[in-house]
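In: below are the sequence and a predicted model for it; my questions follow.
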Amino acid sequence: MAELRVCALYPDLMNIYADRGNLLMLERRCAWRGIGFAVTAAGIGDAIDPDAHDLFYLGGGQDRDQRLCALDLVDTKRDALHAAAARGAIVLGVCGGFQLLGHRYELGEDEIPGLGLVDLQTIRSTDGSRLIGNVAIEVRLDQDAPPRVLAGFENHGGRTHLGAGAQPLGRVLKGHGNTGTSGFEGVLHGSVIGTYLHGPLLPKNAWLADWLIRRATGLDELDALDDELEDAAHASARRAAGV
Ligand code: GLN
């Protein structure tokens, strides 16, 4: 039986805006289709096995909690996450988690180290202003498929600047995105995905949950589900963003 093996990184510390809903969404959509689902929590000090999981999830967090997790990520998990990404396992970072995928997060004089999985860095604005609101982006994950919309909510003080070697996840339709001015949102690098979209992300965008399940399990096709509620949630998130 196919199985989706998820590693939830710091589920207690990096779980702002009910990011746990993202894991629940994956679990339910697997269960409804008879796909096995296993989730392993990895907290501070826990080593991780790069081959034991198909998807590594890192949610959002306050600067304070991010700092704690960042130091631990670099100390105990960086090599494993690089190995996992190199073999095509998905690494999904949301908001604070997205920021930690890059080289660093600068907060004035202070600096939080990143995993260096993607070429980007985040800088907190000097005036402390935050980019907050409903957001929608246009995304093309499969080159041969039409673009899709992701809708959600963002709230971040950091501005994320992509390096020359990094592709954004999408184009901002409404909202702020990575910097408020670049017109780009998130990052997509091989199987590493970062985004500022909370909401939580997956309950508002069931199509992305299914894309992740397909990609992580290697299943070609997934059984269709009755997505009336999920479609309504997506439509409502789009309406909120004005798209
Ligand atoms: N602490 C980070 C910032 O403010 C991320 C916040 C979040 O995860 N919502 O930029």
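Out: Received, thanks. Worth saying up front: this structure is predicted, and the values here are computed from it rather than measured.
In: what does L115 show for phi and psi?
Out: The phi and psi values for L115, taken as degrees, to the nearest 10, are phi -80, psi -20.
In: hmm, G175 and I132 touching each other?
Out: No. Applying CB atoms under 8 Å, one finds I132 not in contact with G175, separated by 9.4 Å. Placement of C-beta: from N, CA and C, glycine included.
In: ok, those two, which is more surrounded?
Out: Using other CB atoms under 10 Å, the more surrounded residue of I132 and G175 is G175, with 23 against 13.
In: hmm, back to that, between I132 and G175, what contacts are shared?
Out: E154 (CB atoms under 8 Å, 6 or more residues apart in numbering).
In: surely G152 is in a helix?
Out: No. Applying DSSP: H, G, I helix; E, B strand; the rest coil, one finds G152 to be strand, outside a helix.
In: identify the residue nearest K77 in space, chain neighbours excluded?
Out: Excluding the flanking residues, the one nearest K77 by CB to CB, 6 or more residues apart in numbering is I48, at 5.4 Å.
In: residue of the chain closest to the ligand, please.
Out: G60 (2.6 Å; CB to the nearest ligand atom).
In: number of residues surrounding the closest residue to that residue other than its chain neighbours?
Out: Closest residue in space to G60, ignoring its immediate chain neighbours: C95 at 3.3 Å, by CB to CB, 6+ apart. Applying other CB under 10 Å, we find 29 residues neighbouring C95.
In: pretty sure C95 sits against I16.
Out: Yes. C95 is within contact range of I16, at 7.0 Å (criterion: CB under 8 Å).
In: which neighbours do these two have in common?
Out: Common neighbours of C95 and I16 (criterion: CB under 8 Å, 6+ apart): 59-61, 198.
In: pull the most distant pair out of these.
Out: Based on CB to CB, the longest span within the shared contacts of C95 and I16 runs between G61 and H198 and measures 11.3 Å.
In: need the contact partners of the biggest helix by length in the chain.
Out: Determined from DSSP state H, the single longest helix within the chain is helix 228-241. Contact partners of helix 228-241, identified using CB under 8 Å, 6+ apart, comprise 134-136, 149, 151-153, 173-175, 199, 203-207.
In: need the worst-confidence member of those residues.
Out: Across the contacts of helix 228-241, the bottom pLDDT score, 78, is held by G199.
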